[in-house]
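1. Provide a 3D model corresponding to the input given below.
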Amino acid sequence: MASPKDIVLNGTMSTLPSCTYSEDFKRYLLPAVYSMVFILGLPLNFTVILRIWRSRKALTRNTVYMLNLAMADFLYVCSLPLLIYNYASHDYWPFGEPACKLVRFQFYSNLHCSIMFLTCISFHRYLGICHPLATWHKSGGRRFAWMVCGAVWAVVFALCAPTFRFAATGTQRNRTVCYDLSEPSLSEKYFPYGMALTCLGFLVPFLAIVACYCRMACVLCQGRGMGGAGAIPAAQEKKDKAARMIIIVVAVFAISFLPFHLTKTAYLLVRTLQGAPCEVRNMYSIIYKSTRPFASMNSVLDPILFYFTQTKFRNSTRSLVLRITTLRDKGSAV
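-> A predicted model of the protein is given here:
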């Protein structure tokens, strides 16, 4: 949504051309997607947290990263009811500016926490596959993993803290709204921060993951060609787990992270261009805001990563399903 705004640039006053965005699609798309993420993400992430906590005495570094990833997702999912109400009510925000700032911070902190923890998980798996005999990466154990997680939370908080400055409420079409990125008058000031957040919070981890996965793929392909039927079951299970992780993490990036950051970058560029036609700004706004809810899909996809990379959890889930099926069949036979 945009309207005529006076912007102070280098001490001078300039006026953006009048432009009203057509955003009726948000009333239908965003509540539907956010409702699905809330309904699925809340129990899935709570189950992951509970499962890991119950086996906390046998935590590995990988499960420590998974636990922190699930905690970040769970905190974000808890904020979704406010957004569901907001978009279902034509962008009306009755919850006040502090809640607006917190919800926007929750979104970006979850997004970049997910990226960072997936990077940690990927790098940990890379070391196990590509450098299995090295001892330097095995030292420290869980304590080292918790230190890494603490550093990730601190870095993400520092990266996303400016959200509390830029996110704000305002008045559009005689109703209170909660701006997504920043007020229109702060578009130019937000641009360098938005680009820095994308580069540091997405591009750098993404390139690191790509480099790890390319190397892992080479090792896994070589291992399959040389191992054959005589491969050690434990070693083969480790490689299969790594292959599943690669597929799921790539899916998370393909669905959630990559489209969102590409469209966000394009939208930021167009939004700061002086004299950009209203039709162009409206088009890029629609494209960006259509991918934004899918960035929250990682809160549903991350628990799937835990399921497919944790053999004990997968086996216990299968046993539970089989027991339920058996009891149901017995009840039907009576």
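2. CA only for contacts and neighbour counts going forward, please
-> Noted.
3. close enough to count as contact, residue 78 and residue 41?
-> No. Distance between residue 78 and residue 41: 9.3 Å, which falls outside the contact criterion (Cα atoms under 8 Å).
4. Settle it for me: which of those two has more neighbours?
-> Counting neighbours by other Cα atoms under 10 Å for residue 78 and for residue 41 shows that residue 41 has the greater number, 27 against 14.
5. Does that one touch residue 75 like I think?
-> No. Using Cα under 8 Å, residue 41 and residue 75 do not qualify as a contacting pair, with a distance of 10.3 Å.
6. so which helix or strand takes in the residue nearest the centre of the chain?
-> Using Cα atoms, centre = their mean, the residue of the chain that lies closest to the mean C-alpha position is residue 111, 3.4 Å off. With secondary structure defined by DSSP states H and E, residue 111 is part of helix 97-130.
7. list the buried ones in that helix?
-> Of the residues in helix 97-130, those buried under the neighbour-count criterion (16 or more other Cα atoms under 10 Å) are 97, 99-101, 103-130.
8. Could you do stretch 58-73 as well?
-> For stretch 58-73, a neighbour-count test (16+ other Cα under 10 Å) marks 61-73 as buried.
9. quick one, what contacts the residue nearest to the centre of the chain?
-> Applying Cα atoms under 8 Å, 6 or more residues apart in numbering, we find residue 111 in contact with 257, 295, 296, 298.
10. cool, residue 125 as well?
-> residue 242 are the contacts of residue 125 under Cα under 8 Å, 6+ apart.
11. swap in residue 159?
-> Taking Cα under 8 Å, 6+ apart as the criterion, residue 159 is in contact with 197, 201.
12. Whichever strand or helix holds it vs helix 97-130, what angle?
-> When elements are defined using DSSP H and E, residue 159 is found to belong to helix 141-160. Between the axis of helix 141-160 and that of helix 97-130 there is an angle of 140 degrees, by axes from the mean of the first three to the mean of the last three Cα atoms, to 10 degrees.
13. I'd like the distance from stretch 196-216 to the chain centre, please.
-> Mean-position distance between stretch 196-216 and its chain equals 14 Å (Cα atoms, centre = their mean, to the nearest Å).
14. Would you mark the buried spots in that stretch?
-> Going by neighbour count (16+ other Cα under 10 Å), the buried part of stretch 196-216 is 197, 198, 201, 202, 203, 205, 206, 209, 212, 213, 216.
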